[in-house]
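>>> Build me a model:
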Amino acid sequence: MVRFKNYVKAGSLSEAYELNQKKSSIVGGGMMWLKLQSRVKMTLIDLSGLGLDTIEETDEEFRIGCMCTLRMLETHEGLNTYFQGVFKECTRAIVGVQFRNGATVGGSVFGRFGFSDIMTCLMALDTYVELYQGGVVSLKEFNHMKYDRDILVRIIIKKDGRRAAYAAQRRSGTDFPLIACCVAKKEGTWYVSAGARPSRAEVVEVAGTGVNGSVDCGTVADCFHFGSNTRGSAEYRRHLTEVYAGRLMKQLGGEV
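Below you'll find the model as predicted:
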């Protein structure tokens with residue numbers, strides 16, 4: 001188990017940032033994965049008193065505080081209405097309701113875990129992260145940044161008209177995905193993300209052809225690099241990505 005010598009409930013983002021500059025400090029989100037580690041840290045920084053546990057909707061975007069839980073994404077009416085229920089779909093198999101009531105969006109995004117259903121879904125949308133020092137950057141750029149000691153404040157999803165759908169393959173109902181796939185469509189462009197490859201989620205943009213925006217899903221799958229582990233081979237993951245991308249495109253009204 002992980003142990004801490006000090007616990008600080010931050011009174012401001014500036015205080016949290018200053019505390020986090022020490023390598024012996026760590027920011028606690030939902031503590032769902034962190035508590036499974038076996039190490040000792042000097043200071044646990046708690047952001048729960050900073051009002052970062054709300055989802056705000058405007059005419060242009062959704063603003064999701066880093067301390068919002070996965071369950072809040074799963075049940076938020078505005079998000080799921082605008083994005084055709086994609087957040088309900090990408091969260092419903094993550095362990096169980098009790099877990100999703102504790103795990104935070106900020107923890108999922110800042111961790112950039114390869115197995116993350118959340119990152120796979122967000123990568124297919126017009127998503128940005130707001131960092132305390134780094135400002136607002138696209139999620140695609142953030143995904144390739146090195147881990148640092150900045151504070152993730154919130155996630156911003158633009159309302160740019162994309163329609164989205166999500167699917168994942170698991171060996172059992174609440175297991176980690178062995179492949180995850182999210183497809184979004186805006187006008188004639190498809191945005192296809194693949195996660196649990198088993199590395200971090202990536203996204204490719206593909207222009208559809210013809211009246212219905214048809215796409216060769218085999219070519220789309222070839223855009224990703226896949227690896228093998230005990231959950232599945234690279235070849236199997238590539239095949240699943242081709243199949244799921246095609247199914248999700250058909251679900252969104254395209255031809256493959």
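>>> Now the terminal residues of stretch 95-109, how far apart.
17 Å (C-alpha to C-alpha, to the nearest Å).
>>> Give me the buried positions along it.
Under the neighbour-count criterion of 16 or more other C-beta atoms under 10 Å, stretch 95-109 has 95, 100, 102-109 buried. For every residue, glycine as well, the C-beta is placed using N, CA and C.
>>> What about those residues, which are in helices?
The helices, defined by DSSP state H, take in 100, 105-109 from the buried residues of stretch 95-109.
>>> mind listing the strands for the protein?
3-9, 25-28, 40-46, 55-57, 61-65, 127-131, 135-138, 152-158, 163-170, 177-186, 189-195, 202-207 (DSSP state E).
>>> can you give me the angle the longest one makes with strand 189-195?
To tie it back to what came earlier, the one meant is strand 177-186. 170 degrees (axes from the mean of the first three to the mean of the last three C-alpha atoms, to 10 degrees).
>>> likewise the fifth one?
Comparing the axes of strand 61-65 and strand 189-195 via the same axes, to 10 degrees yields an angle of 20 degrees.
>>> What strands line up against strand 61-65, and which way round?
Strands that pair with strand 61-65, judged by DSSP bridges, come out as strand 55-57 (antiparallel), strand 152-158 (antiparallel).
>>> can I get the strands of the chain in a markdown table with distance to Tyr17 and mean neighbour count?
Converted to a markdown table, the strands of the chain look like this (distance: least, C-beta to C-beta, whole Å; neighbours: other C-beta atoms under 10 Å):
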| stretch | distance to Tyr17 | mean neighbour count |
| --- | --- | --- |
| strand 3-9 | 12 | 12 |
| strand 25-28 | 10 | 20 |
| strand 40-46 | 9 | 17 |
| strand 55-57 | 22 | 15 |
| strand 61-65 | 16 | 22 |
| strand 127-131 | 10 | 21 |
| strand 135-138 | 13 | 12 |
| strand 152-158 | 10 | 22 |
| strand 163-170 | 33 | 21 |
| strand 177-186 | 32 | 26 |
| strand 189-195 | 29 | 24 |
| strand 202-207 | 29 | 17 |
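>>> In JSON lines: these, plus mean pLDDT and distance to Gly85.
As requested, the strands of the chain are exported to JSON lines (pLDDT from 0 to 100; distance: least, C-beta to C-beta, whole Å):
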{"stretch": "strand 3-9", "mean pLDDT": "87", "distance to Gly85": "35"}
{"stretch": "strand 25-28", "mean pLDDT": "86", "distance to Gly85": "30"}
{"stretch": "strand 40-46", "mean pLDDT": "83", "distance to Gly85": "32"}
{"stretch": "strand 55-57", "mean pLDDT": "97", "distance to Gly85": "16"}
{"stretch": "strand 61-65", "mean pLDDT": "98", "distance to Gly85": "15"}
{"stretch": "strand 127-131", "mean pLDDT": "98", "distance to Gly85": "17"}
{"stretch": "strand 135-138", "mean pLDDT": "97", "distance to Gly85": "24"}
{"stretch": "strand 152-158", "mean pLDDT": "97", "distance to Gly85": "15"}
{"stretch": "strand 163-170", "mean pLDDT": "96", "distance to Gly85": "9"}
{"stretch": "strand 177-186", "mean pLDDT": "96", "distance to Gly85": "12"}
{"stretch": "strand 189-195", "mean pLDDT": "96", "distance to Gly85": "17"}
{"stretch": "strand 202-207", "mean pLDDT": "94", "distance to Gly85": "20"}
